[in-house]
Every structure is written in C-alpha cells, then in structure tokens.
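> kindly return the folded structure for what I paste below:
(one chain, ligands or ions: 2)
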Amino acid sequence: MSKTMATPAASPLAGRRILLVGPNLALAVGELLKGAATESAALERLPQAFAGAYDLVLVDADAWEAQALAGAVEALAATDRAAPVLLIGERLPTTVVRPLMRLTSSDVLEAPFSADQLAGAATALLASAQPAPTPSAPEGGSRCWAVSGAVGGAGATTIAVEIATALAARSGKDRSVCLVDLNLVDGAAAAYLGAQPNMRLGDFTGAAERIDAALLQAFVSPISKQLDLLASPRDPEAFDTVSREAVLRMLEVACECYEWVIIDMPRHRRTWTLEALSGCDEVLVISELTVPALIAARSLAEEIETAVNGPAKPRIVLNRLASRMFGPAPSMAEAERALQRKSDGGISSDWEAAAAAANLGGAIAQHRPKSKIVKDIAQLVDRFAAAARQPGAASQRAA
Ligand SMILES: Nc1ncnc2c1ncn2[C@@H]1O[C@H](COP(=O)(O)OP(=O)(O)OP(=O)(O)O)[C@@H](O)[C@H]1O
Ligand SMILES: [Mg+2]
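Ligands and ions are numbered 1, 2, ... in the order given. Below you'll find the model as predicted:
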C-alpha cells in the first residue's frame with residue numbers, strides 16, 4: 001500500500017486495541033495509531049478478530065490475494081462476534097466487500113484518502129461498535145468437570161478436548177461449553193484445536209475482581225458455535241506470576257456464563273488446585289495401562305479424595321486401551337489390581353485418529369468421527385452427565 005498522510009489533530013484511536021492485518025499498515029496509517037495498543041498479524045488471524053479482544057481491525061486490501069481475503073472475512077462473519085473492520089486499499093474487490101458487509105460493523109475506504117477521512121471512518125466504526133456479546137447464564141446452574149493426567153502424556157488434554165466437543169454436540173445450544181486449559185505455562189489445548197490462545201490472566205494478578213463476563217469474552221477463543229476455549233499463550237513464568245485469585249475468579253465467571261465448564265488441569269498441584277477441584281462436579285484422573293501410570297493414578301485419586309472438600313470422588317479413566325483389553329483380558333484385571341479398584345471408564349487407542357486430529361487442528365470427533373475414541377467418549381459423557389451427583393456445585397464455587 002502506498003498511502004501517506006498528514007497527522008490529524010488528535011488520534012481517535014488513543015487507548016484503543018487495534019489489530020492491523022497487513023505488513024505495511026503501521027507505517028501507512030502512521031500517526032493515527034498514536035497512543036493505541038496495536039498488534040500486527042497475518043491474514044490467518046483475521047477470523048479470530050473478535051469484539052472484546054479488539055476495538056477495531058484495519059485490513060489492507062492490497063496486501064492480500066482477493067480470494068484468500070474474502071475467505072478470511074467470511075470466516076470472521078460466520079463467528080457472529082467480529083470486531084468492527086475497516087478495509088482500506090486501492091483495490092477493493094466485490095468478492096471481499098460482499099462478505100465484509102455481513103459483519104455487524106464494517107466500512108471501506110478507497111485510496112487515496114486523507115488522514116481526516118481515515119480518522120472519520122475509524123471514529124464512526126468505534127462509535128457503532130456493540131459491546132462484546134456474552135453467553136447467557138445457564139438456567140439450571142453450570143456443571144464443571146476437571147480432567148487431570150496421572151502421568152505426563154496420559155491423554156488428559158485429548159480427553160478434555162473430546163469431552164468438551166461431545167458435550168457441545170449434545171447441548172446444541174450456542175456457547176454452552178467452555179474448555180479451560182489451566183496449564184498456564186505450556187498448555188496444548190489451543191494447539192490441539194488449531195486456535196489462538198487469548199487468555200492473559202497475568203494482567204489481573206492484583207485485580208482479580210475486575211474479571212467479569214465481558215472481560216472473559218476478550219479471553220475466549222471461539223472453537224464452534226457451541227464451544228469456547230480459554231487458554232493462555234505460552235509463558236514459562238505464568239505459574240509464578242498469575243495469582244490464585246485471578247484463576248479462581250476466572251473459573252467462577254466461566255461457571256456463571258457457560259452450562260458446561262471442562263478444565264484441563266495441570267498435573268502438579270498449584271495454590272489454586274484444591275479449591276478449583278472442590279468446585280467440580282466430576283474429577284477425572286486419566287491413566288494409561290502401564291504399572292507406573294496406574295500406581296500414580298491411584299495415588300492421585302486418593303490424594304484428591306483426601307484433600308478436596310467437594311462433591312466429587314475422583315473417577316479413574318483408562319486411556320489408549322488396545323482392543324484385546326475389552327474382554328476379560330488379564331491385563332485389564334491386572335490394571336484394576338494395581339488400581340485396587342475398578343476403573344470408571346475406558347477410551348480405546350487410535351493413534352491414527354488422535355494424530356490426524358492434532359495435526360489438522362480440531363477434535364477427533366470432527367476429523368475422525370468414526371474413531372472408537374469418539375464412541376467411547378460419547379458413552380463416558382452420557383454416563384457421567386446422567387450421574388449428576390451434585391448439579392450446580394461448580395456455580396456455588398464463589399459461595
Ligand atoms: N486414545 C488415544 N489413542 C491414541 N493416541 C492418543 C489417545 N489419547 C491421547 N493420545 C495421544 O497421546 C499423546 C499425549 O496426549 P495428550 O497430550 O492428550 O496427553 P496429556 O496427558 O495432556 O499430556 P501432558 O502431560 O503433556 O499434558 C498425544 O500424541 C495424543 O494424540
Ligand atoms: Mg496436556
């Protein structure tokens with residue numbers, strides 16, 4: 001883009017969060033961005049330019065191939081929660097402008113234009129912006145399940161993702177399920193789902209009370225119409241810098257907003273772990289079929305049972321069962337001997353499906369719907385959801 005301009009008197013964008021989609025935009029728009037919090041991104045990011053996360057999105061139409069840009073705008077429009085978008089450039093093809101008009105708030109500005117024209121268009125879009133939509137509070141109270149691996153790599157994240165996806169499909173209601181990745185340092189749920197992690201709890205360490213439903217929406221990465229994700233960008237310091245209050249407040253608000261909250265729990269105990277677990281209706285300890293993992297699962301389940309003053313007796317779920325395990329195979333009996341109890345569920349092994357979904361970005365239920373994993377998860381979800389040991393426990397966390 002080759003647009004240059006004089007400085008407007010006062011930048012209407014000061015203090016606003018602006019996403020710049022186009023490598024030359026910062027330079028071209030220049031002084032207009034003074035005082036604004038800007039972020040530059042490639043086109044792949046446009047479908048996640050949500051109201052709440054950004055006040056305005058500036059897109060350089062000349063920087064992208066029209067078909068690709070049209071596709072990204074369409075994907076953003078399909079989410080129903082786009083931030084206002086201003087498309088500028090010398091070429092504004094109708095293939096791009098048409099989907100743009102489907103956004104709640106958008107405008108186009110053909111180059112060349114003056115600084116005042118640009119400032120005027122930006123100001124009008126900011127004024128027309130709707131507040132970020134928040135999910136409505138669940139009528140029957142929310143239900144919260146935590147998933148924790150007994151050992152590293154047991155499959156906790158995979159199972160949490162599939163449970164959340166299965167519940168979203170069962171519920172069918174818009175924004176009914178939230179998957180929360182509490183592995184704040186190096187959570188993988190966003191990568192498994194091919195989403196951009198947006199949760200920045202560190203900014204609220206001394207101000208947890210400022211986390212409310214509207215703010216939570218700025219943290220959310222939408223996965224589907226029914227499913228949202230709360231996950232943090234990688235941060236090696238996060239367990240030290242994010243306060244207990246911020247984590248617990250975020251969970252409390254999530255439980256006020258969503259019918260189902262599924263937590264991918266870190267294996268090692270944090271200052272907030274027991275309190276978070278005590279608010280859960282179900283705690284799932286995921287093990288694999290090795291003796292060390294089974295011993296760890298038993299210990300973890302016992303620890304949680306002893307320490308947590310909550311409704312949920314942890315359930316042990318065995319993951320990556322090979323087909324021979326389903327009969328009266330000795331290894332299953334051995335597993336339950338090592339656990340000194342019966343397991344509460346089993347998930348089949350299907351490496352191809354698990355790897356394909358992880359590589360494509362999305363749930364196994366989406367990419368390999370016929371996988372045995374999907375069938376087993378559906379059964380597990382039906383069984384645990386029907387059990388409803390103490391509905392609404394999660395929503396009483398704050399009490
Ligand atoms: N039922 C299954 N069948 C085949 N592969 C599986 C299954 N469940 C998980 N996997 C695979 O096992 C690996 C570890 O899974 P995952 O990341 O979910 O484990 P985790 O317990 O969350 O690990 P971490 O301790 O790193 O958090 C991944 O490659 C995943 O695709
Ligand atoms: Mg994990």
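
> quick one: the strands in the stretch 201-350 of the chain?
Using DSSP state E, counting those that start in this stretch, the strands found in the stretch 201-350 of the chain span residues 220-222, 227-230, 260-265, 282-288, 315-321, 345-348.

> lowest average pLDDT across these?
When the strands of the stretch 201-350 of the chain are compared by mean pLDDT, strand 220-222 comes last with a mean of 87.

> buried sites along that one?
Buried residues in strand 220-222, counted by 16 or more other CB atoms under 10 Å: 220-222. For glycine as for every other residue, the C-beta is placed from the backbone atoms N, C-alpha and C.

> if we can go back for a sec, identify whichever of the strands of the stretch 201-350 of the chain lies nearest to Ser105.
Proximity to Ser105 (CB to CB) singles out strand 220-222 among the strands of the stretch 201-350 of the chain, at 17.5 Å.

> dump the residue contacts of the residue of the stretch 101-250 of the chain found nearest ligand 2.
Closest residue of the stretch 101-250 of the chain to ligand 2, CB to the ion: Thr157 (3.2 Å). By CB atoms under 8 Å, 6 or more residues apart in numbering, the residues touching Thr157 are 181, 183, 187-189, 192, 264.

> please redo it, this time with the cut-off set to 10 Å
Contacts for Thr157 (CB atoms under 10 Å, 6 or more residues apart in numbering) come out as 147, 149, 179, 181, 183, 187-189, 191-193, 264, 286, 358.

> up against ligand 1, what does this protein have?
149, 152-158, 188, 319-320, 347, 349-351, 354-355, 358, 373 (CB under 6 Å from any ligand atom).

> how about the residues of the chain near ligand 2?
156-157 (CB under 5 Å from the ion).

> centroid residue for the chain?
Central residue of the chain (CA atoms, centre = their mean): Leu229, 1.6 Å from the mean position.

> my guess is that one meets Asp181, correct?
Yes - using CB atoms under 10 Å, Leu229 makes contact with Asp181 at a distance of 7.1 Å.

> touching both of the two, which residues are there?
161, 187, 189-190, 192-193, 197, 199, 262, 264.

> could you tell me which of those belong to strands?
Cross-referencing the shared contacts of Leu229 and Asp181 against strands under DSSP state E gives 262, 264.

> out of the shared contacts of Leu229 and Asp181, who's the most crowded?
The most crowded member of the shared contacts of Leu229 and Asp181 is Ile262, carrying 31 neighbours; neighbours defined as other CB atoms under 10 Å.

> nearest residue to that residue other than its sequence neighbours?
Sequence neighbours aside, Ala164 is the residue nearest to Ile262 in space, at 4.4 Å (criterion: CB to CB, 6 or more residues apart in numbering).

> secondary structure class for that neighbour?
helix (DSSP: H, G, I helix; E, B strand; the rest coil).

> so where do the helices sit in the stretch 51-200 of the chain?
66-78, 94-100, 115-128, 156-171, 189-193 (DSSP state H, counting those that start in this stretch).

> quick check: pLDDT value at the residue nearest to Arg249 when sequence neighbours are not counted.
Residue nearest to Arg249 in three dimensions, not counting chain neighbours: Ala208, with 4.1 Å by CB to CB, 6+ apart. According to the prediction, Ala208 has pLDDT 94.

> could you check how far Ala208 is from ligand 1?
Per CB to the nearest ligand atom, to the nearest Å, Ala208 is found 26 Å from ligand 1.

> next up, the contacts around the residue in the stretch 251-399 of the chain positioned nearest to ligand 2.
Among the residues of the stretch 251-399 of the chain, Asp264 lies nearest to ligand 2; the distance is 6.0 Å by CB to the ion. Residues in contact with Asp264 (CB under 10 Å, 6+ apart) are 146-149, 156-161, 163-164, 179-183, 187-189, 192, 229-231.

> at 7 Å instead, please
147, 156-157, 160, 179, 181-183, 187, 189 (CB atoms under 7 Å, 6 or more residues apart in numbering).

> quick one, domains of this structure?
The domain map for the chain lists 17-128, 143-396, with the assignment taken from automatic domain parsing.

> so how far is Ala53 from the nearest residue to the residue nearest to the centre of the chain once chain neighbours are set aside?
Leaving aside its chain neighbours, Leu229 sits nearest to Ser221 (4.5 Å; criterion: CB to CB, 6+ apart). The spacing between Ser221 and Ala53, counted by CB to CB, to the nearest Å, is 9 Å.

> Leu318 too?
From Leu318 to Ala53 the distance is 39 Å (CB to CB).

> looking at these two, which has the bigger crowd around it?
Leu318 (25 against 21).

> surely the more buried one meets Ser343?
Yes - look at Leu318 against Ser343 with CB atoms under 7 Å: they come within range, at 4.9 Å.

> shared neighbours of the two, which are they?
Residues within reach of Leu318 and of Ser343 at once, by CB under 7 Å, 6+ apart, are Ala335.

> touching, Asp235 and Val185? I think so.
Yes - judged on CB under 7 Å, Asp235 makes contact with Val185 at a distance of 6.3 Å.

> secondary structure class for whatever residue of the stretch 251-399 of the chain ends up closest to ligand 1?
At 3.4 Å from ligand 1, Ala354 is the closest residue in the stretch 251-399 of the chain, using CB to the nearest ligand atom. State at Ala354, reduced to three classes by three-state DSSP: helix.

> and the gap between it and Asn319?
Counting by CB to CB - Ala354 and Asn319 are separated by 10 Å.

> the two: which has the busier surroundings?
Asn319 (25 against 22).

> now do the contacts for the more buried one.
Asn319 neighbours (CB under 7 Å, 6+ apart): 154-155, 159, 286-288, 347.

> that one bridge partners, please.
Taking DSSP bridges, one finds Glu288 as the beta-bridge partners of Asn319.

> against Glu44, how distant is it?
Noted for Asn319: a distance of 32 Å to Glu44, by CB to CB.
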